[in-house]
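Engineer: Would you be able to build a 3D model of this:
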Amino acid sequence: MPEQFKGIVLFTPAGDLIYTIDETKQRRWHSHLCAALQELLGLTAPPHFLVPFYTATVDRWWDTQLQCLRTVAEVYPFVARYQALLNTIFQTPDLRWDVMPVQQEGANPQIIASYRDHFSPLWEEHNLIVSYDQWQDHDYHDDVVAMPPKPDSPTSPLIQNYVLRLFVSGDNTLTERTLHQLHELLEENLSAPYTLKVIDIFKHPDLAEVDHISATPTLIRVWPLPVRRIVGEFTNPQRLLQVLTATPRED
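Structural biologist: Just a heads-up that it's a prediction; the model follows:
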């Protein structure tokens, strides 16, 4: 951890998070984190409504007048319970976080809950603690989804998480068979947690267009990077697993 830095964290309502550590303190990280969270969870748009209410920031700098390092840490009430986790991420043991007052109208829990239908993955726990810098560099295999202990959990294992999207054409026999095959394959062979989002292209043509879907079924591995896709019926389970679990070193 550098001596001087700015750290920014964006949480989801379920407690997942993505964070960055910036030594230059010059970038507009909130918008970057929203865009990354959109890609990670397969959202239709960046969740800008989470800012600032689901954020935390820490700033450490050299005070030339006092000739010492100073630290200011601020967290919003919705995520204040994660202070122990924040100290683990930023290696700031025993740092006390100032809980920021919330006066903006958008902080009303009912207003934020109104986004739930369109951003439902944000309310589902995926066990994600993601470093934006490593995600951007595709260096996820080291510790990008490492889970430091949460305040209410004495121990948490190292987790490699999969985020998958399955595009199908309606509710029919082929879709049912595809889902059965895929669910059985993932449950029996993946050694890590996964999130599978099923998208009907007839109900959500806009999402199909965004992901350039030309045929169904199409399975997309959104996370870990790089993005991988498998088109057509899953008649070769071993090949499907090879594509899903491949790392950059194997590409």
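Engineer: CA only for contacts and neighbour counts going forward, please
Structural biologist: Fine.
Engineer: what's the neighbour count on residue 206?
Structural biologist: 12 (other CA atoms under 10 Å).
Engineer: What's the mean pLDDT across stretch 33-52?
Structural biologist: When pLDDT is averaged over stretch 33-52, the result is 88.
Engineer: Convert the C-alpha atoms of it to CSV, please.
Structural biologist: The C-alpha coordinates for stretch 33-52 follow below in CSV (Å, rounded to 0.1, in the frame of the first residue of the first chain):
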residue,chain,number,x,y,z
LEU,A,33,-16.6,1.9,-10.7
CYS,A,34,-20.3,2.2,-11.8
ALA,A,35,-19.4,1.1,-15.3
ALA,A,36,-17.3,-1.8,-14.1
LEU,A,37,-20.1,-3.0,-11.8
GLN,A,38,-22.5,-2.8,-14.8
GLU,A,39,-20.2,-5.2,-16.7
LEU,A,40,-19.6,-7.5,-13.7
LEU,A,41,-23.2,-8.1,-12.9
GLY,A,42,-24.7,-7.8,-16.4
LEU,A,43,-26.7,-4.6,-15.6
THR,A,44,-28.6,-2.7,-18.3
ALA,A,45,-26.9,0.6,-17.3
PRO,A,46,-24.3,1.9,-14.9
PRO,A,47,-25.8,2.1,-11.3
HIS,A,48,-25.1,5.8,-10.8
PHE,A,49,-27.9,6.0,-8.2
LEU,A,50,-25.6,4.2,-5.7
VAL,A,51,-23.4,7.3,-5.6
PRO,A,52,-22.8,8.6,-3.0
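Engineer: can you pull the buried residues of that stretch?
Structural biologist: For stretch 33-52, the neighbour count (16 or more other CA atoms under 10 Å) marks 33-43, 46-47, 50-52 as buried.
Engineer: so which of these would you say is closest to residue 236?
Structural biologist: residue 42 (25.7 Å; CA to CA).
Engineer: Quick one: residues contacting that closest one.
Structural biologist: By CA atoms under 8 Å, 6 or more residues apart in numbering, the contact list for residue 42 reads 121, 165, 197, 222.
Engineer: after the lowest-mean-pLDDT helix or strand in the chain comes which helix or strand?
Structural biologist: Using mean pLDDT, DSSP states H and E, the weakest-scoring helix or strand in the chain turns out to be helix 132-136, at a mean of 73. The helix or strand immediately downstream of helix 132-136 is strand 162-168, counting by DSSP states H and E.
Engineer: got the contact list for that next one?
Structural biologist: Applying CA under 8 Å, 6+ apart, the external contacts of strand 162-168 come out as 40-42, 175, 192-201, 208, 213, 216-224.
Engineer: Restricted to helices, list the buried residues of stretch 33-52.
Structural biologist: In this view, the buried residues of stretch 33-52 that belong to helices under DSSP state H are 33-41.
Engineer: Redo the residues you listed as a markdown table? Include distance to residue 3.
Structural biologist: Converted to a markdown table, those look like this (distance: CA to CA, whole Å):
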| residue | distance to residue 3 |
| --- | --- |
| 33 | 23 |
| 34 | 26 |
| 35 | 28 |
| 36 | 26 |
| 37 | 27 |
| 38 | 31 |
| 39 | 31 |
| 40 | 30 |
| 41 | 32 |
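Engineer: Going along the chain, name the helices of the stretch 1-150 of the chain.
Structural biologist: Per DSSP state H, counting those that start in this stretch, the stretch 1-150 of the chain carries helices over the ranges 29-41, 83-89, 109-113, 132-136.
Engineer: Actually, the stretch 151-251 of the chain.
Structural biologist: Ranges of helices in the stretch 151-251 of the chain, per DSSP H, counting those that start in this stretch, are 173-189, 205-210, 237-245.
Engineer: Domain map for the chain?
Structural biologist: Per automatic domain parsing, the structural domains of the chain span 5-136, 162-250.
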